[in-house]
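Participant: dropping a prediction and its sequence here:
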Amino acid sequence: MDREIAPAPLETSAQATWSDAASRDALQLIADGVTRVAGFGIAAISVVRGDPGYLEVMAVAGSDAAREELKGRHTPIEQLAQEIEKADDWGLLRFVPHERLEPGLGETWGWVPDVDPIDDAPDAWHPMDLLIAPLYDDSGRMRGTLAMDLPVDGRRPGEAQRAVLDAYAEQARQAVIVALERQALADQVRMAEAARRIVRKATAQLSLERIVADSREALIEGFRAAGMWLQTFDDVGGRGAIYSADGSVIELTPELVSIAETAARRAWEFQEASVVAPNVPFGEWLTDEQGEMILAYLGGIGIESILFTPLGAGPQCLGNLVLTRAFGAPDWSEAEATMALDIGHDLGRAILNARTFEREHQLVEELQELDAYKSQLIATVAHELKNPLTSVMGHLEMLESSPDLSGTTKGSLQVMDRGAKRMVRVIDDLLLLSKVGDPENRIIAAPVDLHRVVDDVIDLTMVAAQQKRLDLKIDVPDHAILALGDAEEIDRVCANLVSNAVKYTPADGSVSISVEVAGGEHPDQVVLTVADAGIGISQADLAHLGTEFFRSSNPAAVAQPGTGLGLAIVRRIVDRHHGRLEISSELGKGSTFRVFLPAA
Ligand code: ADP
């Protein structure tokens, strides 16, 4: 019978490797003490890991060969348990003399040095002897072992040596417990940190519902929680709802909602995430009565404890996050509370963003309503003015044609006639503006030949252009250039641009008009260009062009009659045709207006 050195290797552990150097050093010191002071050739300290439990060697003292052999080795706990059943009880130590080993049992446990017993005496150490201290925590759970071999004097230890070993076993016991606690803490921090990263990513979204949905799983896993709920102190979403691990929603009583709200505000003041659990004193922000009520409610839904975290930004508390653990789950650690508070800050900012977004959204809606109201008002007033004005004009016409008018009266009537005609133009522009700005009033698109449009507009503006001796350059191809849209509206675009070019170009200047297929990047568009060598537009004014009633600040432009509605109409018509208006201009040099429209 032989005890083999190498036990059957376990599957690779999913747990992180032991990374706490301070804990490792402490265990190493103890193992070294066992070899140097207690007189053993080799000592090893292992800790219990995993589920099902196995022993992982963490520190080895002794020969280099033994160290190489043992370090990092994994052994199922079960094997050790079988061996120590037969052991002598030496305080913390257990001794199994080789004579007690049954064939086939324990063959994979321990380390068998290649030596012979020193003599035939009953206390001679045998290479198959096993001396080990199982290390238990206060609740009686085995957490590790201290094992030794190769006594320097070749003898099984006597009373005095056992006492020394016992002291080392106690030290090892405490060191192993501390090391495992530190490891568990590090694991918790790592998991909670991973949760925080996911929550942070989720908070880039603007809807709180989405943020909660996307971070719920990470929070529950990272904090090993049974469930969670999130409450916000306004109607952005999530108020009073419990999002549990399986995604179902549990309603909180209004009383609990209000306790949680008050508690969260105080907890935010204290910058504290804290635990509500049986036998844990309630924080400063909860009365005993409230605490008991919460615990009773939680007990009723199978929850033993919660980690209560206020959410906020700056001085403002905006909600709370509650992570729950069922009965029998581990206690919440301080590291988890710290991490939860950090998450409270992340979620607080997200709530604030969601609110701002919501408010902006509302504002846009209000502005849109206001705009619709304004358009409606303009349309109504224009309509109401149009009818009496038509009648005024009819009567003016009648009066002007009566034979017995004095010269003064005739002159006055002509002035009135000009004024009334101008009013009609403004009213017509207002009515058109409201028509083309009304999303309900859709265009009925048909192919429109821009060639014909330009010809018609030239006919109308020819007289004005000639009066100023303008050089009108027309560049249109012989064939039709078809745009897709409303013929009347496209006519209006062209007329407004050409009449502006004529109006804002001093006498003897030039105006050019061209139409073509856009080509290049936009082969599916046609373009109408109206360019002039007129007064031009400053860069500052360019930014406002197309806004209703805007007229540029240039005195040369203000001197011309106008309302500031022409370009607003052009812009709206182009927009509703899904076209594009490009304006380039330089003060004193001239302007170019280019209208891109979908080709038919
Ligand atoms: P209106 O000509 O009735 O004032 P528009 O909306 O057609 O209104 O034009 C707005 C303003 O843009 C004009 O007041 C004028 O200052 C400027 N503008 C328009 N077209 C030209 C142009 N071709 N050259 C210089 N300025 C122009």
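Facilitator: Yep, it's here.
Participant: so which strand or helix has His451?
Facilitator: Assessed by DSSP states H and E, His451 sits inside helix 450-467.
Participant: ends of stretch 479-495, what's the gap?
Facilitator: 21 Å (C-alpha to C-alpha, to the nearest Å).
Participant: under the pLDDT cut-off, which ranges of the stretch 301-450 of the chain? List them.
Facilitator: Residue ranges of the stretch 301-450 of the chain with pLDDT under 70: none are present.
Participant: so Asn441: helix, strand or coil?
Facilitator: The three-state label given to Asn441 by DSSP: H, G, I helix; E, B strand; the rest coil is coil.
Participant: in space, what's closest to it - neighbours in sequence excluded?
Facilitator: For Asn441, ignoring the flanking residues on the chain, the nearest one in space by C-beta to C-beta, 6 or more residues apart in numbering is Lys435 at 5.8 Å. No exception for glycine: its C-beta is placed from N, CA and C like everyone else's.
Participant: so who does the residue nearest to the spatial centre of the chain touch?
Facilitator: In the chain, the centroid-proximal residue (C-alpha atoms, centre = their mean) is Ala204; its distance is 1.8 Å. Applying C-beta atoms under 8 Å, 6 or more residues apart in numbering to Ala204 gives no contacts.
Participant: ok, 10 Å please
Facilitator: Arg210, Ile211, Asp214, Ala350, Asn353 (C-beta atoms under 10 Å, 6 or more residues apart in numbering).
Participant: start and end of stretch 460-480, how far apart?
Facilitator: Terminal residues of stretch 460-480 lie 21 Å apart, using C-alpha to C-alpha.
Participant: same check on stretch 328-340?
Facilitator: Stretch 328-340 end-to-end distance (C-alpha to C-alpha) = 21 Å.
Participant: buried set for that stretch?
Facilitator: For stretch 328-340, burial by neighbour count (16 or more other C-beta atoms under 10 Å) applies to Trp332, Ser333, Ala335, Glu336, Ala337, Met339, Ala340.
Participant: dump those residues to a markdown table, plus secondary structure and distance to Leu130.
Facilitator: Formatted as a markdown table, the buried residues of stretch 328-340 follow (DSSP: H, G, I helix; E, B strand; the rest coil; distance: C-beta to C-beta, whole Å):
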| residue | secondary structure | distance to Leu130 |
| --- | --- | --- |
| Trp332 | coil | 40 |
| Ser333 | coil | 37 |
| Ala335 | helix | 39 |
| Glu336 | helix | 40 |
| Ala337 | helix | 44 |
| Met339 | helix | 44 |
| Ala340 | helix | 46 |
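Participant: in a markdown table, list the residues you listed along with distance to Gly291.
Facilitator: Putting the buried residues of stretch 328-340 into a markdown table (distance: C-beta to C-beta, whole Å) gives the following:
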| residue | distance to Gly291 |
| --- | --- |
| Trp332 | 15 |
| Ser333 | 20 |
| Ala335 | 23 |
| Glu336 | 20 |
| Ala337 | 17 |
| Met339 | 23 |
| Ala340 | 18 |
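Participant: minimum distance to the ligand, which residue of the stretch 51-200 of the chain gives it?
Facilitator: Residue of the stretch 51-200 of the chain nearest the ligand, by C-beta to the nearest ligand atom: Arg200 (49.4 Å).
Participant: give me the pLDDT value at that residue.
Facilitator: Per-residue confidence (pLDDT) for Arg200: 85.
Participant: now it: how far from Thr145?
Facilitator: Counting by C-beta to C-beta, to the nearest Å, the gap from Arg200 to Thr145 is 42 Å.
Participant: which residues of the stretch 351-500 of the chain lie near the ligand?
Facilitator: Residues of the stretch 351-500 of the chain lying near the ligand by C-beta under 6 Å from any ligand atom: Asn496, Asn500.
Participant: quick check, the residue in the stretch 351-500 of the chain closest to the ligand?
Facilitator: Of all residues in the stretch 351-500 of the chain, Asn500 sits closest to the ligand, at 3.5 Å by C-beta to the nearest ligand atom.
Participant: that residue reaches Val530, doesn't it?
Facilitator: Yes - the pair Asn500 and Val530 qualifies as a contact (C-beta atoms under 10 Å) at a distance of 7.9 Å.
Participant: joint contacts of these two?
Facilitator: Residues touching both Asn500 and Val530 by C-beta under 10 Å, 6+ apart: Val511, Ser591, Phe593.
Participant: the last one should be in a helix, yeah?
Facilitator: Translated: Phe593. No - counting by three-state DSSP, Phe593 is not part of a helix but strand.
Participant: dig out what it forms beta bridges with.
Facilitator: Counting by DSSP bridges, Phe593 is bridged to Val530, Ile583.
Participant: dump the residue contacts of it.
Facilitator: Contact analysis of Phe593 by C-beta under 10 Å, 6+ apart lists 493, 496-498, 500-501, 528-532, 545, 567, 570, 581-585.
Participant: re earlier: with distance to the ligand added, can I get the buried residues of stretch 328-340 in TSV?
Facilitator: What follows is the buried residues of stretch 328-340, written out as TSV (distance: C-beta to the nearest ligand atom, whole Å):
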residue	distance to the ligand
Trp332	68
Ser333	70
Ala335	66
Glu336	65
Ala337	64
Met339	60
Ala340	60
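Participant: which residues of the chain fall in helices?
Facilitator: According to DSSP state H, the chain carries its helices in the segments 21-36, 64-70, 77-84, 159-202, 208-222, 254-270, 288-300, 334-400, 407-436, 450-467, 487-503, 539-542, 555-558, 566-576.
Participant: before we move on, back to that, which among the shared contacts of Asn500 and Val530 gets closest to the ligand?
Facilitator: Comparing the shared contacts of Asn500 and Val530 against the ligand with C-beta to the nearest ligand atom places Ser591 closest, at 4.3 Å.
Participant: the closest one and Pro447, how far apart?
Facilitator: Computed as C-beta to C-beta, the Ser591 to Pro447 distance reads 29 Å.
Participant: quick one: contacts for the residue in the stretch 201-350 of the chain positioned nearest to the ligand?
Facilitator: Nearest to the ligand, among the residues of the stretch 201-350 of the chain, is Leu206, at 37.6 Å (C-beta to the nearest ligand atom). When contacts are counted by C-beta under 10 Å, 6+ apart, Leu206 touches Ala350, Asn353, Ala354, Arg355, Thr356, Phe357, Glu358, Glu360, His361.
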